[in-house]
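Novice: predicted model and sequence follow; I will ask about them next.
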Amino acid sequence: MSISVRLSKAEADIIKKYAELKGMTVSDLVRRSVLERIEDEHDLAAYHKAMAAFKKDPVTYTLHEVEKELGLQ
């Protein structure tokens, strides 16, 4: 699939130079950057959900307790 993006000359130059500096094509740089951004937002949403659950029931377990519960001891 092909996607086009409108950039100013200055923006395009910065992106091209950065891609060259990193030894990547512009396409690889843009692909990785977008996917990393999506992953970061997904991780942040998961963190907020986990923190909300923890605040409702702030129970924690030691490593020893977890190992015992899982039969690893």
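Specialist: Yes, it's here.

Novice: could you say which helix or strand holds the most centrally placed residue in the chain?
Specialist: With distances taken as C-alpha atoms, centre = their mean, Asp40 lies nearest the centre of the chain, 2.8 Å away. Applying DSSP states H and E as the criterion places Asp40 in helix 26-56.

Novice: and that helix, how far from the chain's centre?
Specialist: What separates the centre of helix 26-56 from the centre of its chain is 4 Å, taken as C-alpha atoms, centre = their mean, to the nearest Å.

Novice: and that helix, what does it pack onto?
Specialist: Using 3 or more C-beta pairs under 8 Å, 6 or more residues apart in numbering; DSSP states H and E, the elements in contact with helix 26-56 are helix 9-21. In this view, the C-beta of every residue, glycine as well, is placed from N, C-alpha and C.

Novice: quick check, pLDDT for Gln73.
Specialist: pLDDT, Gln73: 86.

Novice: can you check Ala46 too?
Specialist: For Ala46, pLDDT reads 98.

Novice: what number of residues lie near it?
Specialist: Residues lying near Ala46 (other C-beta atoms under 10 Å) number 10.

Novice: that one and Ile38, how far apart?
Specialist: Counting by C-beta to C-beta, to the nearest Å, the separation of Ala46 from Ile38 is 13 Å.

Novice: again with Asp28
Specialist: In terms of C-beta to C-beta, Asp28 sits 16 Å off from Ile38.

Novice: kindly report the same for Ile14.
Specialist: Where Ile38 is concerned, Ile14 sits at a distance of 22 Å (C-beta to C-beta).
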